[in-house]
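Novice: Provided below for reference: sequence and predicted model.
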Amino acid sequence: MKKLVASAAALAALSAAPARAQDRPVEVEIAPLVGAYLPILDQRGTLDDAMLVGLTGRFDLHRNAAVVLSAAWSPTQSAGATLDLFQWDIGMQGQLPCAVGLSWTLKPFAGVGIGTRTYTFRDLDVNRQTDFAFYSSLGASLRHDRLVFGLTARHGLTAFGPGGDTGARGDVSVFGSVGFTL
């Protein structure tokens, strides 16, 4: 009898373990991104619209919370001179995954983060400048097995701009990504 109870308890424990893992799946996602960098506020008069390319990563801390990292580059113009804009940031996002079909998961999210922005003129003898930046984001991803399609809109703010200009510097970045989970 004791062997039967012990065997039943062991079988119940083994069958319950996968269910607990499914309740809280931890994912790591890596994705290249492509989109548009659109300066706003005082930055609108200083920088031109440009493409945005980079890499983003996400690590789920919980089903509804993740750490997000990204690095991106925009080749823009400032007063007719080519300017490379590099951005690095880290943030937190709240997310609400929901099943939308056979093995498809929709994950809308909102996030905030901090980082740096570096302005480097290609052809002018001007020192490189790096400033602190803040962002907020909204978006969604659609996952099928390990493949993830994402769309993100970010609003960035910094107090400085190229050449040390001060004021409310802002931008909007809209980008798509296609990545995979590890």
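Specialist: Sure thing, it's come through.

Novice: Remind me what the lengthiest strand in the chain packs against, helices and strands.
Specialist: Under DSSP state E, the strand in the chain containing the largest number of residues is strand 104-121. Contacting strand 104-121 under the criterion 3 or more Cβ pairs under 8 Å, 6 or more residues apart in numbering; DSSP states H and E are the following elements: strand 65-78, strand 81-95, strand 98-101, strand 129-144. Just so you know, the C-beta spots here come from the backbone N, C-alpha and C atoms, and that holds for glycine as well.

Novice: Need the winner for burial among those.
Specialist: For the helices and strands packed on strand 104-121, average neighbour numbers computed from mean count of other Cβ atoms under 10 Å are highest in strand 65-78, which has a mean of 19.

Novice: Show me how far that one is from its chain's centre.
Specialist: From the chain centre to the centre of strand 65-78 is a distance of 8 Å (Cα atoms, centre = their mean, to the nearest Å).

Novice: Check which helices and strands that strand sits against.
Specialist: Counting contacts by 3+ Cβ pairs under 8 Å, 6+ apart, strand 65-78 is packed against strand 28-41, strand 50-62, strand 81-95, strand 104-121.

Novice: Please work out which residues outside stretch 37-44 touch it.
Specialist: 46-52, 74, 76, 85, 161, 165, 167-174 (Cβ atoms under 8 Å, 6 or more residues apart in numbering).

Novice: tell me the secondary structure for R44?
Specialist: helix (DSSP: H, G, I helix; E, B strand; the rest coil).

Novice: What about it, how many residues nearby?
Specialist: Residues lying near R44 (other Cβ atoms under 10 Å) number 14.

Novice: Any chance of CSV for the helices and strands packed on strand 65-78, columns distance to T130 and mean pLDDT?
Specialist: Output for the helices and strands packed on strand 65-78, formatted as CSV (distance: least, Cβ to Cβ, whole Å; pLDDT from 0 to 100):
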stretch, distance to T130, mean pLDDT
strand 28-41, 17, 96
strand 50-62, 17, 97
strand 81-95, 9, 97
strand 104-121, 4, 96
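
Novice: Export the ones you listed to TSV and append columns for distance to L69.
Specialist: Formatted as TSV, these follow (distance: least, Cβ to Cβ, whole Å):
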stretch	distance to L69
strand 28-41	10
strand 50-62	5
strand 81-95	5
strand 104-121	9
